[in-house]
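Colleague: Structure here, sequence nowhere to be found:
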């Protein structure tokens, strides 16, 4: 009786094991059809986090989005470690970030020198595993503007992809 | 007894009426604090609908967002009435729209002439009443690129705001 029960238990474990592996494989295959890859996905792209606009006059831009466009506009926040002063405009689950150079070596000053009236600077998209995403970017010869992720304006690791490898668009990738 | 009940009923209606008006006023006042206006709001800004990127090679750009960035990427759609071929990349509730000029008079050809590698073209934000929004834009001296709303790529009325009045950024406003 004991042997019979143990036999059933072992068979059940074998059946369970065979079934817990298979459905996962199938789910992954379905999930990956659109990527053109075969079960190699180790990270996922998330939502559009923000669009960053650079402006020569942050107060004027904030007034446009607050008083004319009637958006939910934050107060100004100086981020000296990022070389910008920023105002956030919440638009559903995404944001516009209005950036004005701050300090001597602001990363957005050269953009403003070329675009005196301001303009669209970059987009930021979330990923669920930035380290795995970086491995894939490197495999695909997408240049990354820093060796390692840095801590971005939201306190999370970020990297920037080279615009020359992204059809002229500066893309920030942020750990969700 | 009947008179008494009717009296109570009439009093209740008066109380209800006085209370159904008041809370709405208060809600509006709270809602409008950030606009600097006083209960004059007749429309609301909604979510960021999309960021439009113009590319010289739509297949290559679609492959970047699908195969490298692992996004949910649509098939190509020719929109000859808008002078573009478009691919949509869904990123949460917002989208990236990859645009390539189509036909002789594409509205994005001059952008591509100036930005050979492609780049960020415009952002699109939703409103719940585009006609009321347009009245406010005009009051605030924001130039609109067409006299009346046109039907956009999503089959809904849209207008574009002049980038010179929006700190160098082309803003599309779409009826939600």
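Modeller: Thanks, I have it. None of these values were measured; they are calculated from a predicted model.

Colleague: Now that residue A:45 has come up, it's in contact with residue B:67, right?
Modeller: No - if you go by C-beta atoms under 8 Å, residue A:45 and residue B:67 don't touch, sitting 11.6 Å apart. C-beta here means a position set from N, CA and C on the backbone, and glycine is covered the same way.

Colleague: More neighbours: which of those two?
Modeller: Each of residue A:45 and residue B:67 has its neighbours counted (other C-beta atoms under 10 Å in any protein chain shown); residue A:45 has more, 23 against 16.

Colleague: show me what contacts the more buried one?
Modeller: Counting by C-beta atoms under 8 Å, 6 or more residues apart in numbering or on different chains, residue A:45 touches A:125-127, B:69-71, B:91.

Colleague: Kindly write the PyMOL command that selects the buried subset of these.
Modeller: Selection of buried members from the contacts of residue A:45 for PyMOL, criterion 16 or more other C-beta atoms under 10 Å in any protein chain shown:
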select buried, (chain A and resi 125+126+127) or (chain B and resi 69+70+71+91)
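
Colleague: Let me see the ranges of the strands in chain A.
Modeller: Shown for chain A, the strands assigned by DSSP state E span residues A:45-54, A:72-73, A:77-79, A:84-91, A:94-101, A:119-127, A:150-151, A:157-161, A:171-175.

Colleague: can these go into TSV with extra columns for mean pLDDT?
Modeller: TSV is the format used below for the strands of chain A (pLDDT from 0 to 100):
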stretch	mean pLDDT
strand A:45-54	98
strand A:72-73	98
strand A:77-79	96
strand A:84-91	98
strand A:94-101	98
strand A:119-127	98
strand A:150-151	94
strand A:157-161	97
strand A:171-175	98
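
Colleague: Go through those strands and name the closest to residue B:82.
Modeller: Minimum separation from residue B:82 across the strands of chain A (C-beta to C-beta) falls at strand A:119-127, 20.1 Å.

Colleague: outside of that closest one, which residues touch it?
Modeller: By C-beta under 8 Å, 6+ apart, the list of residues contacting strand A:119-127 from outside reads A:43-54, A:99, A:108, A:111, A:133, A:158, A:160, A:169-176, B:51, B:69, B:91, B:96, B:119-120, B:123, B:163, B:167-169.

Colleague: Kindly reformat the strands of chain A as JSON lines containing distance to residue B:141.
Modeller: Supplementary listing: the strands of chain A in JSON lines, determined by distance: least, C-beta to C-beta, whole Å:
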{"stretch": "strand A:45-54", "distance to residue B:141": "20"}
{"stretch": "strand A:72-73", "distance to residue B:141": "20"}
{"stretch": "strand A:77-79", "distance to residue B:141": "29"}
{"stretch": "strand A:84-91", "distance to residue B:141": "20"}
{"stretch": "strand A:94-101", "distance to residue B:141": "20"}
{"stretch": "strand A:119-127", "distance to residue B:141": "21"}
{"stretch": "strand A:150-151", "distance to residue B:141": "41"}
{"stretch": "strand A:157-161", "distance to residue B:141": "36"}
{"stretch": "strand A:171-175", "distance to residue B:141": "33"}
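
Colleague: From residue B:55, how far out is residue A:176?
Modeller: 26 Å (C-beta to C-beta, to the nearest Å).

Colleague: ok, those two, which is more surrounded?
Modeller: residue B:55 (27 against 14).

Colleague: now that one: how far from chain A?
Modeller: Separation of residue B:55 from chain A (C-beta to the nearest C-beta, to the nearest Å): 5 Å.

Colleague: List the contacts of that residue.
Modeller: Residue B:55 sits next to A:167-168, B:61, B:98-100, B:118 when contact means C-beta under 8 Å, 6+ apart.

Colleague: so, if you compare those, which one comes nearest to residue B:138?
Modeller: Proximity of the contacts of residue B:55 to residue B:138 (C-beta to C-beta) peaks at residue B:99, which lies at 27.8 Å.

Colleague: Please report the distance of the residue lying closest to the closest one once chain neighbours are set aside from residue B:101.
Modeller: Sequence neighbours aside, residue B:84 is the residue nearest to residue B:99 in space, at 4.6 Å (criterion: C-beta to C-beta, 6 or more residues apart in numbering or on different chains). Note on residue B:84: its distance to residue B:101, by C-beta to C-beta, is 7 Å.

Colleague: The two: who's more crowded?
Modeller: residue B:84 (25 against 21).

Colleague: Distance of the more buried one relative to residue B:103?
Modeller: Taken as C-beta to C-beta, the span from residue B:84 to residue B:103 is 9 Å.

Colleague: got it, and residue A:155?
Modeller: 46 Å.

Colleague: same check, this time on residue A:131
Modeller: For residue A:131, the distance to residue B:103 - C-beta to C-beta - is 44 Å.

Colleague: swap in residue A:96?
Modeller: Here residue A:96 is placed at a distance of 31 Å from residue B:103 (C-beta to C-beta).
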